[in-house]
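Asker: generate a structure from the sequence data that follows.
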Amino acid sequence: MCILITRDMCILITRDMCILITRDMCILITRDMCILITRDICILITRDICILITRDICILITRDMCILITRDMCILITRDMCIRITRDMCILITRDICILITRDMCIRITRDMCILITRDMCILITRDMCILITRDMCILITRDMCIRITRDMCILITRDMCILITRDICILITRDM
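Answerer: I've put the predicted structure just below:
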């Protein structure tokens, strides 16, 4: 063991560790880890993890993930996904899906479809169709047809015909008549 003490610092060295202490910082080094502490930051490094803590942020890094935490947000990153959370929103991203959630809306996107949901409406979009739903109406659009339904009427439009149905009448329009 070896100890050195001065006005400004103190050092302790053994076979297993080393400690350095000054007015501004403290460092501990062993075979398995290293710790640095100052007035502003704290860092811990081991074989498996690394942690950094300051007044504003905290970061944790491992082999499988990374986490960042601040006053305003939190981010988690792994091999398969990423999540970001703030006061106003949350985002989840994976290989197959992306989801965004806010106070006013929610969006879900995959390879095959997209869904948007708000207070007033809902939209679903796929490769083959699109659906819009509101308080007053519903619209379905495909490659072959379009349907609009409200409280008062229903309209069906295809390549060959158009049908309008209300409470009072029904109209059929084709190419021939």
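
Asker: neighbours around the nearest residue to residue 65 once chain neighbours are set aside, how many?
Answerer: Using CB to CB, 6 or more residues apart in numbering and skipping the chain neighbours, the partner closest in space to residue 65 is residue 78 (4.5 Å). (Each C-beta comes from the backbone N, C-alpha and C, glycine too.) When neighbours are defined as other CB atoms under 10 Å, residue 78 has 13 of them.

Asker: correct me if wrong: residue 78 contacts residue 62.
Answerer: No. Counting by CB atoms under 8 Å, residue 78 does not reach residue 62; the two are 9.5 Å apart.

Asker: okay, and the common contacts of the two?
Answerer: When CB atoms under 8 Å, 6 or more residues apart in numbering defines a contact, no residue borders residue 78 and residue 62 alike.

Asker: what's downstream of the least confident helix or strand in the chain by mean pLDDT, the next helix or strand?
Answerer: Across the helices and strands of the chain, mean confidence by mean pLDDT, DSSP states H and E is lowest for strand 2-5: a mean of 86. Remark: after strand 2-5, the chain's next helix or strand is strand 9-13, criterion DSSP states H and E.

Asker: ok, and the closest non-adjacent residue to residue 67?
Answerer: Closest residue in space to residue 67, ignoring its immediate chain neighbours: residue 60 at 4.4 Å, by CB to CB, 6+ apart.

Asker: ok, that neighbour - contacts?
Answerer: 49-51, 66-67.

Asker: what bridges to it?
Answerer: residue 51, residue 67 (DSSP bridges).

Asker: again with residue 77
Answerer: Beta-bridge pairing of residue 77 under DSSP bridges involves residue 66, residue 82.

Asker: what about it, how many residues nearby?
Answerer: Neighbour count of residue 77, defined by other CB under 10 Å: 16.

Asker: list the contacts for it?
Answerer: The neighbours of residue 77, taking CB under 8 Å, 6+ apart as the test, are 65-67, 83.
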